[in-house]
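# quick one: sequence plus predicted model below, questions after.
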Amino acid sequence: MDWTFASKYNFDLGGGKYDTASVWLLENHGITNLIYDPFNRSPRHNIEILEKVLHEKILTVTVSNVLNILETKEQRAETIRLAYHVLSPGGRVYFKFYTVKEAGVSKPDCFQTAMKPGEYLPEILSVFPKCELIKGLIVATKPD
């Protein structure tokens, strides 16, 4: 990921309950990572994050290992649309995927689609007119 492109904030959609990536981004790039995660963060935390992004320029959004755990196309579409809406014009979303061989529950309470990264392209293209697959990572750009 090209962090030189980022503004002072990254919106981390589905960033989990730990702050490891946030610490790394701040220490190595001076970027504040705004984690939004309805499964691992409190409703109050998530509301505060959404309020913050309404007033900031967000040029990068990371969606790491999230689409592959959402069972339905509509759940994935909601996530993709949220990434689009918080992103400033010209900004980029980086979609990363964990891939398993077989769909279903791979660990207790953890569904996996078993889709390959390229299989998500049509879903992402339905929201972002410009996106490309680069070494297993999908980079989508919001039009200016």
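Perfect, thanks for sending it.

# and stretch 60-72, end to end?
25 Å (C-alpha to C-alpha, to the nearest Å).

# can you give me the pLDDT of the most centrally placed residue in the chain?
Among the residues of the chain, residue 63 comes closest to the average C-alpha position under C-alpha atoms, centre = their mean, at 1.6 Å. Looking at residue 63, its pLDDT stands at 97.

# thought it was touching residue 92?
No - judged on C-beta atoms under 8 Å, residue 63 makes no contact with residue 92 at a distance of 11.2 Å. Just so you know, the C-beta spots here come from the backbone N, C-alpha and C atoms, and that holds for glycine as well.

# now for the longest helix along the chain, which elements pack on it?
Counting residues, the longest helix found in the chain (DSSP state H) is helix 73-86. Counting contacts by 3 or more C-beta pairs under 8 Å, 6 or more residues apart in numbering; DSSP states H and E, helix 73-86 is packed against strand 9-13, strand 60-64, helix 121-125.

# so which of these is nearest residue 80?
helix 121-125 (5.8 Å; C-beta to C-beta).

# so for the closest one, what's the average pLDDT?
In the prediction, helix 121-125 has an average pLDDT of 97.

# which outside residues touch that helix?
Residues external to helix 121-125 that are found in contact with it (C-beta atoms under 8 Å, 6 or more residues apart in numbering): 67, 73, 76-77, 80, 95, 131, 133, 138, 140.

# can you give me the strands in the chain?
The residue ranges that make up the strands of the chain, judged by DSSP state E, are 9-13, 32-36, 60-64, 92-96, 104-107, 110-112, 130-134, 137-141.

# what residues sit buried inside the last one?
Think strand 137-141. 138-141 (16 or more other C-beta atoms under 10 Å).

# that one versus helix 73-86: what angle between them?
Calculated by axes from the mean of the first three to the mean of the last three C-alpha atoms, to 10 degrees, strand 137-141 forms an angle of 50 degrees with helix 73-86.

# next one: the second one
Relative orientation of strand 32-36 with respect to helix 73-86: 150 degrees, computed using the same axes, to 10 degrees.
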